[in-house]
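>>> sharing a model that was predicted from the sequence below.
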Amino acid sequence: MSSKGRELLKSHALRQTDARMEVLDFIIDSQRAVSQPELEQALVHKFDRVTLYRTLSTFNANGLLHTVADSSGSMKYALCSAHCEGDDHHHEHLHFHCTSCAETICFDEVMVTRPELPLGYAATDYNFVVNGVCRKCQL
């Protein structure tokens with residue numbers, strides 16, 4: 001397991017199980033948001049679907065991963081920033097979904113402001129996704 005993965009699990013007070021370490025390594029190495037089906041395909045011979053689901057849920061509940069709903073129709077998971085704790089996620093950054101290769105990437109450096117809703121409305125979650133063609137696919 002990568003030292004970054006071990007440190008992330010330790011800093012979030014999570015046990016270092018084989019499934020947690022492999023899932024976290026896969027996401028770190030991918031450098032993009034990944035879906036559960038992608039994880040299932042990559043780790044099919046090691047862990048079952050329920051183990052992967054529970055691992056992703058645990059990571060999300062502990063502020064290690066956040067979810068991204070992009071236009072592919074599949075929920076994807078990406079590493080959280082250092083500001084996330086438990087269910088208190090802070091992802092006021094842009095997500096980019098490539099309509100050609102279907103990759104979804106977090107642009108942590110591109111900050112967006114939370115929309116101001118009309119009186120009587122309260123947001124519980126928001127997601128900023130730009131659809132287009134990534135650098136790699138434009139070549």
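Received it, and whenever you're ready, just let me know what you need.

>>> okay, strands next: where are they in this protein?
Using DSSP state E, the strands of the chain run over 34-35, 65-69, 75-79, 93-98, 104-111, 129-132.

>>> can you pull the buried residues of the third one?
Yep, that's strand 75-79 we're talking about. Neighbour-count burial for strand 75-79, with 16 or more other Cβ atoms under 10 Å as criterion, is recorded at Lys76, Tyr77, Ala78, Leu79. C-betas here are computed from N, CA, C, even on glycine.

>>> and the strands of the chain: which comes nearest Ala122?
strand 65-69 (19.0 Å; Cβ to Cβ).

>>> since we're on Phe71, how many residues are nearby?
To be clear, residue 71 is Ser; Phe isn't right here. Ser71 sits with 12 neighbouring residues when counted by other Cβ atoms under 10 Å.

>>> is it in contact with Val129, as I believe?
Yes - if you go by Cβ atoms under 8 Å, Ser71 and Val129 touch, sitting 6.8 Å apart.

>>> this protein: helices as residue ranges?
3-11, 18-30, 36-42, 49-61, 135-138 (DSSP state H).

>>> mind giving me the packing neighbours of the last one?
I take that to be helix 135-138. The helices and strands touching helix 135-138, judged by 3 or more Cβ pairs under 8 Å, 6 or more residues apart in numbering; DSSP states H and E, number zero.

>>> dump the residue contacts of Lys136.
Contact analysis of Lys136 by Cβ atoms under 8 Å, 6 or more residues apart in numbering lists Cys98, Cys101.

>>> what does Phe59 give?
Counting by Cβ under 8 Å, 6+ apart, Phe59 has contacts Leu14, Arg20, Val23, Leu24, Leu65, Tyr77.
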